Structure formats: C-alpha cells, structure tokens
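# need a 3D model of the following:
(chains A and B)
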2 protein chains.
Amino acid sequence: MLRRSIGSIAVLASRNYAGKSVSSNMAQIIDGKAIAQEVRTQLAQELKGMEAAGYPKPHLTAVIVGEDPASEKYVANKMVACREVGISSETKRLPASTTQEELLQQIDDLNKNPLVTGILVQLPLPEHINERTICNAVHVDKDVDGFNEVNIGRTALDMDANIPATPLGVKRLLEHMKIETFGRNAVVVGRSKNVGLPMAIVLHADGKYATKAMDATVTICHRYTPPKELARHCRQADIIVVAVGKPGLITKDMVKPGACVIDVGINRIKDESTGKFKLVGDVDFEEVRQVAGHITPVPGGVGPMTVAMLMHNTLKAARRQFDDRKSS
Amino acid sequence: MLRRSIGSIAVLASRNYAGKSVSSNMAQIIDGKAIAQEVRTQLAQELKGMEAAGYPKPHLTAVIVGEDPASEKYVANKMVACREVGISSETKRLPASTTQEELLQQIDDLNKNPLVTGILVQLPLPEHINERTICNAVHVDKDVDGFNEVNIGRTALDMDANIPATPLGVKRLLEHMKIETFGRNAVVVGRSKNVGLPMAIVLHADGKYATKAMDATVTICHRYTPPKELARHCRQADIIVVAVGKPGLITKDMVKPGACVIDVGINRIKDESTGKFKLVGDVDFEEVRQVAGHITPVPGGVGPMTVAMLMHNTLKAARRQFDDRKSS
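Numbers count the residues shown, from 1 in each chain, chains lettered A, B, ... in the order given. So this is what the prediction gives:
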C-alpha cells in the first residue's frame, strides 16, 4: 500500500511544468553549438556596426605559458572564434620556465598597450606561478575572462562586470531555451571560483542593478556534500548545473523528471568498446536524458557557449574602453 | 501505521549530533553579548601588544549623512566599542543635503589622510546618494565594513579580505559554539549584498587560500523562494542564518530538531501586551527554541558580534597599513 502511494507520487512528479507528461519522452537536447553560432553571428554584426560608427578594432591577446595540449586547443578555438566575429587576435607563447615576475611584466605591458583591449591568460599555469596573482594583475577593463578580483566582486554585487564566460554562457542557454528560473530551485555542483561560485551568484541574483535577475533559490554542493545529500538536493532541483570533472557523477535517480540539466564537465575517458578516447561530461547522459526535461550534451553543449561569451565579453570590454577614451 | 513510523523517525531526528536526546530540552541560547565581550577584550590586549611593538594608534572615522536615530545609535555603539578596545575614533556628521560629490570628496580626504586607518560610512544614505558608489569609493585597505567591491571580490575568492562584519561575526559565533559546518546543510535566508550573500560565500568556502574552511552545503533563499520551498529547505538545514527583517518568518515547524538557528534580523515592533516597542528578530524565538539545538536571541545575539568584528577588521586593517608603510 505504501509502495503504491509512493508510486503515484512519482507519476505526478513526472509531469513537467506545462502539465504535459514527459514519462515516455526523452529530454530536449540543448544544442549549445547552434546557439553559440547564433551568438557569434550576432556579435559579428554588432562589430560591423561598431566599425561603421568609427570604433577601432578590438584586439584580444591570449597568453599561454608552457606546453599543455589542452590549453593549445582551447586557445586555438578562441582564436578561430575571434576571426569569425572579426576581432583581431594573437597568441603569445611563453616557455614553461617563465617566472611569475616575467609573466607579470608581460601582463603589465599588455595592460598599458592601448591597441590591446582584451587579455586572456590561459589556465592552468605552471605550478611555480600563483594563478590568483596573475588573474588579479590583468587590468579589470581588459579582463575578458572575468577572473580579476574586481570583476568577481562586481559580479557578486550585481554591478556591470565582465562575468566569467562559462556561467554567462549557461545563463544565455537557459534564457534561449526559456527555462524558468524565477523562484525555482537550482543546484550548482562544484564551487570553483571561475565557474561554480559565479554560477551560483548569477542564478540567485535579484538583478537590482546591472544584470537581469534570475531569482532562483540556489544550493551550492561540493566535494564535501555527502553523496546522499547531493542526491537529495539534486532531486529537488528544477535546474542542475554541474561543473566538477567527474564522469557519471549525476545519475538518473538524482534528477527530478522534467528538470533542466546543464553539464559543464569535460572529461577525456577511454571508450572500452573502441579503445579510443572520447569526451564526456559529469552527467550520465544516456540515462539522465530519459528523465530530464532539457539536457546539454558534451561536447556541443556548454563548451561552445563559453567561447561565444568570451567573444561577447571581448566586444563589450573594447566598446567600454573606446567610449572611456572618447569621454576622457 | 504510517503515522507511527513517521513518529519514530521524528524521535530519531530529535537527537543532536552528540547522540544526546534534546526532545525535552530547550535550545542552548548563544550569548552573543558575552562572546562579543570576549572578542573585544582580546582585541584590547592585541592592541596593547601592537602599541608595545611601536605601532601607531589605529583611528576609525565614521561618517553619518542626515539624521537617522537608528544610525546615530549604531554609530554610538561602535564608538563605545572603539574606546573600550583602545582605538581612536571620531564621528563626522554631514547634513542630509550633502551631495554625492561632497561625500565623495570627504571620503577622498579620509582615504588620503595617513592618520585615518579605518573608514565607515553608516548606511542607509539619503536617497539622492548611490550607496554602491560610496561603498566602492572607500579605499579597499581602510574599508573596515568590507563593502567595497574589491573586498567583496576577495571574500568570494577566499583571499585575505575585510570580510563584512555580520557574516564574520556569525562565523565566529559558530566557531565559538563548536557548531560543525563541514559537509552540513546550511540555509541562508536573505540575499543582501552586505549580509546574506557574503554569509553564503563564507559558509560554503573551502578555505584553500586565506580563510578557514567552513565547507557547508549552502542554500540561499530569498523573497522569491516560495514559502513551502523555504520551509522545506529550512527543515533540511543543520544551520539556518536568517537576515531578512520580517518578524516571525522562521517558525517551529521549519526547524529540524537540534538545528542551530542564527537570527540576524532586528525589527522594532509594538508589544501588544505593554504597548511599548521592543526589538525582535526574524525567528519566532519562544517557539523555535523548543526545537532548535542552539539559537541566538535578539537583542544580544548577532548584533554585538557585528560591532566586535568591526573592531577586529579595524585593528587588522590598521596593522596591515602600518606594515605596508614600514616595508615601502
């Protein structure tokens, strides 16, 4: 009898917000690649408009220290995006032996160079360099990654800021898919300073000042959230954003039917059936898509949006610098 | 039969972490006044040590704009605390007609004055002045309230920062009472930029850099959290911090037996039985104390801790400035 009542509760819960039963439907896959392409096309048009209005060309300088194949690939993707949008760009490669002082000197030169409107130092940096010191050294206006302490503070205070590109990309995905956040439960899994924390900040914000409100009730889970509690928090969530780096962390039983699941994780694992490596997220995609209302794939979900929003930040930062110069 | 099993679950839940039954006990009242007094005594000793080591005297300047009786009272309390700790202090009173530019000029003068090591602009400010602009204008090193965008950013990034005094005071209360936060569920009710948000940040932090980790799983609820959801989140919480300004918001049925309830609210209401005004928090104290494990009273809970931690920030800020001058 008890089992039966729990069963009927589960059936009720498997209806999505529109009251439509989703029990037999698969989740709608959020095509981050297509949405990112749309953003890039819009930005290219916006840049044409800026140039027609007499603005100089924005210029992004990326700095890579050492030789990390993943970093090389990420930066190469960003350079391709720059070309497509029409942003001038270059990559500075420094040897792994570069000292923190030498890197700070490079950043200082870029900060002072009026032709450079955006600076991006690809993380991770070699262990002998303090990433926080480097992130804070990038001029707040040129910090298109939004990792500088002032941009993080402004993001927290809902001021006009360069918001880190990944949480900003997730926000744009949710808006694009018309996922309601107002008064809904959101769970962010992972508390990194560049993704998890700013994501939680953006999702809970009232948008009183510069940003559009998302107004969700937000729970931040992390490595010390007991697994049972993580599952319970996730099951209550209308929106789950996971950014941990642990394949298969989010399973079907942790997801409320109809919930929106955003997977920020990018993990390179060996496919036992083919012996080849492949990219997967933190969500058990094949299982979770059977219960979620919306889900992002990996690859092709959040990743392309991060690059697109970096372009957004780069254009916005350039425009602000050009405007500041005109008015000063 | 079902009722009976729910009953026995409730009995289990009514044991606190030490396994001791609390079902028939009232919550332990956290004596914020006494703990704040301890902090102030420690700070007075620390200051004596600084003076013996040749440090100049710290000086806090408070600025009040307009005539708000509550502001006058709060600032007066802070000045008393300064005298007790041994910090030199003064209150600058500006008329309500002061323009934003005039106030910014005052702050600039204080920022440049080497004798002033701490600046506090009492909020709220008259409506024609943008509080955010003012908070950001106070030099980051002298900003003992921790409201400047850089201090908020540093707090978020777990860097060495002037952390806003109220969340810092709550942290100290929890530490003093040995309330476990690691892996526990904490709910912060209220998302103000000066209390709720930094509280959530402090409670969830990993303490990787400058602060001691609290490592709680944190949920931020706010005005758009539906009442049923607010109750549900609170009932799951081991620690509830409420900072809203709504008397009676947190009721007995919303609190898990044995939970720690921290009440930041200060509301002036009319006592119907006496016709006199009295201060109450956001928690239904008489009811909730029957189920909570620990509870802060209002007044005498968080309030005195806020003042004590402001003194902590003032001393720490002065020491840093003096050290910086020595080394430069």
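# okay, and residue A:55 sits in which element?
Of the helices and strands defined by DSSP states H and E, none includes residue A:55.
# that one and residue A:322 touch, don't they?
Yes - using C-beta atoms under 8 Å, residue A:55 is in contact with residue A:322, at 5.1 Å. Quick note: C-beta positions are derived from backbone N, CA and C, even for glycine.
# which element is residue A:234 on?
Assigned by DSSP H and E, residue A:234 falls in helix A:227-235.
# can you give me the strands for the stretch 151-300 of chain A?
In the stretch 151-300 of chain A, the strands defined using DSSP state E, counting those that start in this stretch lie at A:185-189, A:217-221, A:239-242, A:260-263, A:267-270, A:277-280, A:294-295.
# mind putting these into CSV with mean neighbour count and distance to chain B?
CSV is the format used below for the strands of the stretch 151-300 of chain A (neighbours: other C-beta atoms under 10 Å in any protein chain shown; distance: least, C-beta to the nearest C-beta, whole Å):
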stretch, mean neighbour count, distance to chain B
strand A:185-189, 29, 7
strand A:217-221, 30, 4
strand A:239-242, 28, 14
strand A:260-263, 28, 17
strand A:267-270, 12, 21
strand A:277-280, 14, 25
strand A:294-295, 24, 21
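# can you put these in CSV and add mean pLDDT and distance to residue A:153?
What follows is those, written out as CSV (pLDDT from 0 to 100; distance: least, C-beta to C-beta, whole Å):
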stretch, mean pLDDT, distance to residue A:153
strand A:185-189, 98, 19
strand A:217-221, 98, 18
strand A:239-242, 98, 22
strand A:260-263, 98, 25
strand A:267-270, 93, 31
strand A:277-280, 94, 33
strand A:294-295, 98, 32
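# quick one, which of these gets closest to residue B:166.
Closest to residue B:166 of those is strand A:217-221 (C-beta to C-beta; 19.8 Å).
# contacts for the closest one?
A:183-191, A:196-197, A:200, A:203-204, A:229-230, A:233-234, A:237, B:200, B:204, B:217-222, B:224-225, B:229-230, B:233 (C-beta atoms under 8 Å, 6 or more residues apart in numbering or on different chains).
# okay, angle between that strand and strand B:185-189 too, please.
Put simply, strand A:217-221 runs at 150 degrees to strand B:185-189, going by axes from the mean of the first three to the mean of the last three C-alpha atoms, to 10 degrees.
# given strand A:217-221, what are its sheet partners and their directions?
strand A:185-189 (parallel), strand B:217-221 (antiparallel) (DSSP bridges).
# and it with helix B:227-235, angle?
Relative orientation of strand A:217-221 and helix B:227-235, computed by the same axes, to 10 degrees: 30 degrees.
# and strand A:217-221, how far out from the chain's middle?
Relative to its chain's centre, strand A:217-221 lies at 17 Å (C-alpha atoms, centre = their mean, to the nearest Å).
# for it, C-alpha coordinates in PDB please.
What follows is strand A:217-221, C-alpha atoms only, in PDB (Å, rounded to 0.1, in the frame of the first residue of the first chain):
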ATOM      1  CA  THR A 217      16.800  29.600  -4.900                       C
ATOM      2  CA  VAL A 218      20.300  28.300  -5.200                       C
ATOM      3  CA  THR A 219      22.200  25.400  -3.400                       C
ATOM      4  CA  ILE A 220      25.900  25.100  -3.800                       C
ATOM      5  CA  CYS A 221      27.100  21.500  -3.400                       C
END
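# what are the buried residues along stretch A:87-99?
Neighbour counts over stretch A:87-99 (16 or more other C-beta atoms under 10 Å in any protein chain shown) mark A:87, A:88, A:89, A:91, A:94, A:98 as buried.
# got the residues of chain A near chain B?
Proximity of chain A to chain B (C-beta under 8 Å from any C-beta of the partner chain) is limited to residues A:2, A:132, A:148-154, A:156-159, A:182-183, A:185, A:191, A:193, A:197, A:200-201, A:204-206, A:209, A:215, A:217-222, A:224-226, A:229-230, A:232-233, A:236.
# 6 Å instead?
Within reach of chain B by C-beta under 6 Å from any C-beta of the partner chain, chain A has these residues: A:149-150, A:152-154, A:156-157, A:183, A:191, A:193, A:204, A:215, A:217-221, A:224-226.
# those, buried ones only, as a PyMOL selection?
To isolate the buried members of those in PyMOL, using 16+ other C-beta under 10 Å:
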select buried, chain A and resi 149+150+152+153+154+156+157+191+193+204+215+217+218+219+220+221+224+225
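# nearest residue to residue A:168 in space, please, no chain neighbours.
residue A:309 (4.4 Å; C-beta to C-beta, 6 or more residues apart in numbering or on different chains).
# so the one you found, which of the three states?
Three-state call for residue A:309 (DSSP: H, G, I helix; E, B strand; the rest coil): helix.
# okay, now it: neighbour count?
28 (other C-beta atoms under 10 Å in any protein chain shown).
# so it versus residue A:144, what's the distance?
10 Å (C-beta to C-beta, to the nearest Å).
# also residue A:233?
Taken as C-beta to C-beta, the span from residue A:233 to residue A:144 is 33 Å.
# how about the contacts made by the closest residue to chain B within chain A?
Closest residue of chain A to chain B, C-beta to the nearest C-beta: residue A:153 (2.7 Å). By C-beta atoms under 6 Å, 6 or more residues apart in numbering or on different chains, the contact list for residue A:153 reads B:149, B:150, B:152, B:153.
# what sits against the residue most central in space within chain A?
Using C-alpha atoms, centre = their mean, the residue of chain A that lies closest to the mean C-alpha position is residue A:166, 1.2 Å off. Contacts for residue A:166 (C-beta under 6 Å, 6+ apart) come out as A:195, A:306.
# tell me, how many residues neighbour residue A:130?
Considering only other C-beta under 10 Å, residue A:130 is surrounded by 14 other residues.
# leaving out chain neighbours, which residue sits closest to residue A:297?
Distances taken as C-beta to C-beta, 6+ apart place residue A:29 nearest to residue A:297, at 5.8 Å, with adjacent residues excluded.
# residue ranges in chain A under the pLDDT threshold?
A:1-24, A:209-211 (pLDDT under 70).
# so it: which segments form each domain?
A:56-151, A:164-303 (the TED database).
# got the strands paired with strand A:217-221 as TSV, with distance to residue A:46 columns?
Below are these laid out as TSV (distance: least, C-beta to C-beta, whole Å):
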stretch	distance to residue A:46
strand A:185-189	30
strand B:217-221	34
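# nearest to residue B:318, out of the domains of chain A?
So among those, domain A:56-151 is nearest, using C-beta to C-beta, at 21.9 Å.
# which of the contacts of residue A:153 fall in helices?
Those of the contacts of residue A:153 mapping onto helices are B:149, B:150, B:152, B:153, per DSSP state H.
# for those, which one is nearest residue B:35?
For the ones in helices among the contacts of residue A:153, the nearest to residue B:35 is residue B:152 (25.4 Å; C-beta to C-beta).
# which residues touch the closest one?
A:153, A:156, A:157.
# 7 Å - rerun?
A:153, A:156, A:157, B:198 (C-beta atoms under 7 Å, 6 or more residues apart in numbering or on different chains).
# the last one - how many residues pack around it?
Residue crowding around residue B:198 was assessed by other C-beta under 10 Å; the count is 27.
# contact partners for it?
So residue B:198 contacts B:152, B:155, B:163, B:164, B:167 (C-beta under 7 Å, 6+ apart).
# again, 6 Å this time
Counting by C-beta under 6 Å, 6+ apart, the residues that residue B:198 touches are B:155, B:164, B:167.
# among these, which are located in helices?
B:155, B:167.
# I'd like the contacts of residue B:198 as CSV, with distance to residue B:175 appended.
Listed next are these as CSV, based on distance: C-beta to C-beta, whole Å:
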residue, distance to residue B:175
B:155, 17
B:164, 17
B:167, 13
